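Trainee: Kindly return the folded structure for what I paste below:
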Amino acid sequence: MTTVPNSDGAAAGDARDDHEDFPPMTQTESDMQTTHATLTKKQVKQLRSLAHHLGPMLWIGKNGISESAISQADETLLSHELIKCSVLDACPLDARQAAEELAEHVDASLVQVIGHRFVLYRHSDKEGIKNIALAR
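Mentor: Next up is the predicted model:
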């Protein structure tokens, strides 16, 4: 079997040009990787199951991610660690954009986005609340 060198002198199929076969990552795939950096797949699965039974604790409306929404999310995360948020139709952002922006502002991890709702998690050191014991 003979190999034909590429224009840079490497053999065709060489490991150096394998990355050219894959399309570049989109913005959302890149954001998801950085958002889930602190949570393992097992932890995300655990938090998703815990969030299933929650009702929305924060609604994001026509003002989008405002200072009041950020402060309310921050206070709620201090008390609950895991919150479900709902994005109303009047919001200028879609659910994923709102979730990523809010997670960045409150230093939380984005657990999931489904439809108009999303779930955020942030460990709380506040005394008197029951902390979520994450799987390892």
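Trainee: who's in contact with Gln43?
Mentor: 134-135 (C-beta atoms under 8 Å, 6 or more residues apart in numbering). (Glycine included, C-beta is placed from N, CA and C.)
Trainee: switch to numbering from 33
Mentor: Done: numbering now begins at 33, and the last item shifts to Gln75.
Trainee: can you pull the pLDDT of the residue nearest to the spatial centre of the chain?
Mentor: The chain has Leu142 as the residue nearest its centroid, 3.1 Å off, counting by C-alpha atoms, centre = their mean. Listed pLDDT for Leu142 reads 95.
Trainee: With the one 10 residues further on instead?
Mentor: Leu152 is assigned a pLDDT of 96 by the prediction.
Trainee: Ala130 now?
Mentor: pLDDT, Ala130: 95.
Trainee: show me what contacts Lys158?
Mentor: By C-beta under 8 Å, 6+ apart, the residues touching Lys158 are 110-111.
Trainee: hmm, 6 Å instead?
Mentor: Applying C-beta atoms under 6 Å, 6 or more residues apart in numbering to Lys158 gives the contacts Leu110.
Trainee: which residue sits closest to Leu109 in space, ignoring its chain neighbours?
Mentor: Arg154 (4.6 Å; C-beta to C-beta, 6 or more residues apart in numbering).
Trainee: Which SSE is immediately downstream of the helix or strand where the residue nearest to the centre of the chain lies?
Mentor: Here Leu142, judged by DSSP states H and E, is contained in strand 141-146. Per DSSP H and E, the first helix or strand lying C-terminal to strand 141-146 is strand 149-153.
Trainee: by how many degrees do that following strand and strand 141-146 diverge?
Mentor: Here strand 149-153 points in a direction 160 degrees away from that of strand 141-146 (axes from the mean of the first three to the mean of the last three C-alpha atoms, to 10 degrees).
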